[in-house]
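Colleague: My questions are about this predicted structure, shown below with the sequence.
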Amino acid sequence: MGGYISAMKTIVTALLVISLCATLGTFFAGMLGFSAEKSDPQRSNRLMRLRVLFQAISLLLFMWLMALG
C-alpha cells in the first residue's frame, strides 16, 4: 500500500507542476497581449478564463496532494 501512495504523490506532484506552469504561461501570454497596441478583447478574455481554469486545477491537485499526506 505504501508504494501505491508514493507513486500517487509523484504523479500528482508532476501534474501540479505542469498545471502551475500552464497557469504562469497563460498569465504571461495575457500580460503580453494586454500590453500590445492592438489588443484583442476576446483573446484577452479567453486567456483570463484559461488562467482561472488552470488555477482551479492547480488548487484541486494541491488539495489532493495534501490529502495523500
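Modeller: That came through, no problem. Numbering: from 1, shown residues only.
Colleague: Against which helices or strands is whatever helix or strand residue 9 lives in packed?
Modeller: Here residue 9 sits within helix 2-35, counting by DSSP states H and E. Judged by 3 or more Cβ pairs under 8 Å, 6 or more residues apart in numbering; DSSP states H and E, helix 2-35 is in contact with helix 41-68. Every residue, glycine included, has its C-beta placed from N, CA and C.
Colleague: Could you name the helices and strands sitting against the helix it packs on?
Modeller: Partner elements for helix 41-68 (3+ Cβ pairs under 8 Å, 6+ apart): helix 2-35.
Colleague: in stretch 17-32, what's buried?
Modeller: 19-20, 22-23, 26-27, 30 (16 or more other Cβ atoms under 10 Å).
Colleague: Tell me the gap between the least confident helix or strand in the chain by mean pLDDT and the middle of its chain.
Modeller: None of the helices or strands of the chain scores lower by mean pLDDT, DSSP states H and E than helix 2-35, at a mean of 92. Computed by Cα atoms, centre = their mean, to the nearest Å, the chain-centroid distance of helix 2-35 equals 5 Å.
Colleague: I'd like to check the angle between it and helix 41-68, please.
Modeller: Taking axes from the mean of the first three to the mean of the last three Cα atoms, to 10 degrees, helix 2-35 and helix 41-68 form an angle of 160 degrees between their directions.
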